[in-house]
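> everything below, folded, please.
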Amino acid sequence: MIPLILYASETGNAQDVAERVSRSFRRQGRKVTCESMDKFQISNLIHVDLLILITSTHGRGEPPPKMLNLWKALLRKNLPNNILEDLHFTLFGLGDSSYEKFNYAGKILARRIENLGANKLCDYGWGDERSPNGIEDAFIPWLQQTLDTFLPYLPVPPDYRPISITDLPPPIYSLTPAASSSRSTELDIPLNKLSISPNTTNGHVAPTRVEDTLRQEEHGIIKPDDWVWVTLKKNDRVTKEDWWQDVREIEFDLEDKNLTPYLPGSICSIQPQSSEEDVNTFLELMNLEDQADIPITVQSVLEEQPLPEHLPPHDKPTTLRSLLTNHLDIRCSPRKSFFEWLRRLSLDEREQERLDEFIDDPDEIHTYATRPSRSIVETLADFRQTKIPLSHILEILPPLRRRQFSIASSWDAHPGKVQLLVALVEYKTNLKIPRRGLCSQWLDSLKVGTRIPIHISPPTLFLPQNPETPVILVGPGTGVAPMRAFVEARVKQGAVENTALYFGCRSEFADFYFASEWKKYGEKGVNVQVAASRDQEEKVYVQHLIKENKEEVQDWLIDKGGHVYISGSSNAMPKEVREALAWCVSKEGAGTLTEEQANEYIEQMFEDGRGGEESW
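Numbering: from 1, shown residues only. Next comes the predicted model:
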């Protein structure tokens with residue numbers, strides 16, 4: 001009996017928690033399988049005895065994307081109520097109590113699994129970022145309870161020897177030198193019979209060396225099967241040069257012109273790369289420079305543990321340099337688990353004392369790493385006596401997370417192209433050190449003509465099929481990206497008279513994205529409203545303009561059954577927009593509903609699919 005840990009992670013936090021849980025089981029000599037929910041074969045769930053679920057919450061309480069396939073399968077109406085009666089499980093959720101639907105994804109997942117007959121083996125844990133010590137306040141007691149409950153069900157192997165929390169555990173992945181030829185041992189071919197031509201009839205084709213295969217890859221990038229190649233055609237700054245923020249219009253040409261057209265509101269994922277400077281610094285600090293370019297393959301040492309999705313497949317040769325460039329994140333701020341690893345590796349007494357302080361007090365990590373955005377590379381420079389061995393590097397370094405952007409174009413208006421609106425992340429830390437996000441630095445370095453892989457995911461927001469159905473689109477800042485695609489789709493539908501766009505910027509002279517297009521669509525009949533918040537003495541936001549159009553909002557939402565879509569920053573904006581919509585349909589605005597009824601009506605719209613929100 002092997003426990004299964006399934007995680008659904010957006011930013012990497014849930015994966016980090018899941019891996020901490022799996023290490024705790026292995027430290028006790030037990031086998032465990034840990035993998036992402038979207039990689040798990042859902043039909044096998046009925047054969048699982050012990051299950052641990054780790055999930056974050058997405059947006060306004062929706063399941064994170066990596067949980068969706070499992071969630072949809074569990075919602076099937078034809079499932080028997082006792083289909084999971086042999087399953088015993090628990091769950092840990094990661095959330096933020098400042099959000100209205102705190103840990104909602106975990107709560108609905110646990111409830112649904114219970115309704116299908118599964119047995120709750122121990123109390124669920126609800127991690128709260130707002131807690132004094134973050135999620136640790138809930139995670140530590142939950143983990144101990146889970147171990148106490150699960151371990152008696154799991155036999156101890158006869159060769160088990162206790163491993164302390166500061167001992168280095170055996171590695172679970174291996175980096176094996178790749179053979180110089182994939183076929184050199186299969187054929188005994190005389191040298192005079194070798195040919196470089198694949199069409200030769202009398203000779204033999206020379207086997208391809210691993211080194212040559214690696215050179216054929218685009219900068220060592222291994223493209224997953226469901227990703228597609230694109231070529232960068234545009235990477236233009238669209239904010240004024242002296243403006244505080246660098247926002248780019250980015251355009252890719254799809255290499256395969258026969259792809260199925262993507263829907264408006266689809267999501268584009270890209271895989272950034274670590275900079276050459278950071279990679280070289282890491283290799284130097286860890287004394288791994290002589291290992292950087294040796295062809296290797298990545299394999300799991302444990303039969304029950306599959307390779308995680310961020311690593312290249314076991315049959316794809318790679319190098320340590322490529323892993324650090326394309327797969328492992330050395331620029332992110334270290335989490336507690338990273339300092340736990342360093343403590344296992346450290347041989348220096350002073351460094352051990354400092355690492356113990358980090359592990360015992362989350363505030364120390366926040367002050368040292370999180371607030372100043374100190375990177376893993378910079379941390380390793382501070383702990384120079386501690387070296388990460390090649391044997392454990394895949395476990396210690398977190399995955400280089402893919403970045404997702406709403407596609408700002410529709411296929412009908414821009415066939416064969418993918419257009420994005422991206423704000424580059426640049427800031428100064430509390431130490432007054434200038435910082436640029438890893439993805440931002442990589443995007444800024446991309447030259448027109450560069451070929452990269454991308455992944456296109458289905459949208460989370462869907463326009464109504466009927467062009468007569470009114471649609472209100474709200475997209476301040478770069479949140480206007482999917483709204484541009486929706487406007488293009490509505491124009492194609494012939495629905496301009498039933499479409500309203502509320503766009504917010506700071507100044508029409510500095511960050512008015514797609515300005516000429518909004519003018520053109522306004523002339524065609526789209527109700528385009530622009531809130532340039534800083535262009536007058538009193539600040540004006542999109543919610544203020546919505547209230548000014550209370551009669552139209554009341555008519556479209558109540559009388560004509562219209563839809564509303566909101567996209568942008570997940571700060572106060574989405575909540576204040578919903579409050580403005582509720583005010584419009586209330587007695588205080590242009591409607592007949594009480595304040596309570598109006599709020600319930602707007603919330604029900606979102607529950608019923610007539611409203612949608614995409615925030616970050």
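> all contacts plus neighbour counts: C-alpha atoms, from now on.
Noted.
> in contact with residue 493, which residues?
residue 467 (C-alpha atoms under 8 Å, 6 or more residues apart in numbering).
> retrieve the pLDDT associated with it.
What the model reports as pLDDT for residue 493 is 95.
> and the nearest residue to residue 416 once chain neighbours are set aside, how many neighbours?
Closest residue to residue 416 in three dimensions, ignoring its sequence neighbours and counting by C-alpha to C-alpha, 6 or more residues apart in numbering: residue 254, at 5.4 Å. Burial of residue 254, expressed as a neighbour count using other C-alpha atoms under 10 Å, amounts to 20.
> so who does residue 254 touch?
If you count contacts by C-alpha under 8 Å, 6+ apart, residue 254 has them with 228-231, 416-418.
> for it, name its beta-bridge partners.
Beta-bridge partners recorded for residue 254 (DSSP bridges): residue 230.
> list the contacts for residue 565?
When contacts are counted by C-alpha under 8 Å, 6+ apart, residue 565 is found next to 461, 471-474, 611-613.
> need the helices for the stretch 451-600 of the chain, in chain order.
Taking DSSP state H, counting those that start in this stretch as the criterion, the stretch 451-600 of the chain carries its helices at 480-493, 515-524, 542-548, 550-554, 573-584, 595-608.
> give me the element residue 2 is part of.
Taking DSSP states H and E as the definition, one finds residue 2 inside no helix or strand.
> pretty sure it sits against residue 26.
No: counting by C-alpha atoms under 8 Å, residue 2 does not reach residue 26; the two are 11.1 Å apart.
> touching both of these two, which residues are there?
Between them, residue 2 and residue 26 have residue 32 as joint contacts when contacts are counted by C-alpha under 8 Å, 6+ apart.
> about what we covered before: just the buried residues out of the contacts of residue 254, in PyMOL syntax.
A single PyMOL command suffices to select whichever of the contacts of residue 254 are buried according to 16 or more other C-alpha atoms under 10 Å:
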select buried, resi 228+230+231+416+417+418
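> using a markdown table, lay out the contacts of residue 254 together with distance to residue 578 and pLDDT.
Supplementary listing: the contacts of residue 254 in a markdown table, determined by distance: C-alpha to C-alpha, whole Å; pLDDT from 0 to 100:
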| residue | distance to residue 578 | pLDDT |
| --- | --- | --- |
| 228 | 37 | 96 |
| 229 | 39 | 96 |
| 230 | 38 | 97 |
| 231 | 39 | 97 |
| 416 | 35 | 96 |
| 417 | 33 | 97 |
| 418 | 30 | 98 |
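> can you lay out the contacts of residue 254 as TSV showing distance to residue 539?
Output for the contacts of residue 254, formatted as TSV (distance: C-alpha to C-alpha, whole Å):
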residue	distance to residue 539
228	43
229	43
230	41
231	41
416	40
417	37
418	34
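> what's the pLDDT at residue 219?
Here the pLDDT value assigned to residue 219 is 60.
> ignore the last one, residue 592
In this model, residue 592 is scored at 96, pLDDT.
> backbone torsions only: list them for it.
Backbone geometry at residue 592, expressed as degrees, to the nearest 10, gives phi -120, psi 0.
> what count of nearby residues applies to it?
By the measure other C-alpha under 10 Å, the count of residues near residue 592 is 15.
> measure it to residue 585 for me?
As for residue 592, its distance to residue 585 is 7 Å (criterion: C-alpha to C-alpha, to the nearest Å).
> part of a helix, is residue 280?
Yes: residue state for residue 280 (DSSP: H, G, I helix; E, B strand; the rest coil) corresponds to a helix.
> ok, it - contacts?
Contacts for residue 280 (C-alpha under 8 Å, 6+ apart) come out as residue 289.
> against residue 552, how distant is the residue lying closest to residue 409 once chain neighbours are set aside?
If you skip the residues right next to it in sequence, residue 409 has residue 485 as its closest partner in space, 4.5 Å away by C-alpha to C-alpha, 6+ apart. For residue 485, the distance to residue 552 under the criterion C-alpha to C-alpha works out to 23 Å.
> neighbour count: the two, which is higher?
Here residue 485 and residue 552 are compared on neighbour count by other C-alpha under 10 Å; more neighbours surround residue 485, at 25 against 17.
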